[in-house]
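Enquirer: this one's structure only:
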């Protein structure tokens, strides 16, 4: 059963045994919560917080992390596929690892990119800022819906191939920034 006036369902769950019913319940709530108060039916948006390294972004994570993270990334990718097949308005944000060096209240310079090879860190505040930006009225459009983005902080971009190293200040970002 939907929740009247709900604009979004935000989930960071993986799709694995035990979590399936939670993902299904969130999807059901999202699909049953069309907002008709304005006279137009608007289905809420399902925002899946996945991880850089899931699906085609597996090329972005450093080689030493691939095997230990394999099962986790597969679960995240299964969740992505499940959300895509559900037929809901959705956006998938593949988050970079959380930056535990910065103060949690510092957003940094969070960005979205469609490049699956982007890698770096992101702060919790930067994550919240990007989710809010995606959901703001007037910015949520066909340009965002149904797509998958990598989310990271421009201040902490890393090059992961052939070895992990920080992006040097004189180097250009190795990806295009998606702007809403």
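Expert: Yep, it's here. Quick caveat, the model's predicted, so the values are computed rather than measured.

Enquirer: any idea which element residue 80 lies in?
Expert: helix 63-85 (DSSP states H and E).

Enquirer: okay, now the closest residue in space to residue 59 that isn't next to it in sequence: neighbour count?
Expert: Of all residues not flanking residue 59 in the chain, residue 117 sits nearest, at 5.6 Å (Cβ to Cβ, 6 or more residues apart in numbering). For glycine as for every other residue, the C-beta is placed from the backbone atoms N, C-alpha and C. Residues lying near residue 117 (other Cβ atoms under 10 Å) number 17.

Enquirer: tell me the contacts of the residue sitting nearest the centre point of the chain?
Expert: In the chain, the residue lying closest to the centroid (Cα atoms, centre = their mean) is residue 93, at 1.2 Å. Residues in contact with residue 93 (Cβ atoms under 8 Å, 6 or more residues apart in numbering) are 47-50, 112, 127, 130-131, 134, 148-151.

Enquirer: Pretty sure it sits in a helix.
Expert: No - counting by DSSP: H, G, I helix; E, B strand; the rest coil, residue 93 is not found in a helix; it is strand.

Enquirer: quick one: it from residue 126, how far?
Expert: With the distance defined as Cβ to Cβ, to the nearest Å, residue 93 ends up 11 Å from residue 126.

Enquirer: Give the residues shared as contacts by those two.
Expert: Shared contacts of residue 93 and residue 126, counting by Cβ under 8 Å, 6+ apart, come down to residue 151.

Enquirer: count of residues packed around residue 116?
Expert: Counted with other Cβ under 10 Å, residues neighbouring residue 116 total 20.

Enquirer: picking up where we left off before, tell me the one of the contacts of residue 93 nearest residue 170?
Expert: Distances from residue 170 to those, taken as Cβ to Cβ, are shortest for residue 150 (22.8 Å).

Enquirer: And the pLDDT at that closest one?
Expert: For residue 150, the pLDDT comes out at 95.

Enquirer: in which helix or strand would I find it?
Expert: strand 148-153.

Enquirer: could you check the angle strand 148-153 makes with the helix holding residue 80?
Expert: Orientation of helix 63-85 against strand 148-153 (axes from the mean of the first three to the mean of the last three Cα atoms, to 10 degrees) gives an angle of 130 degrees.
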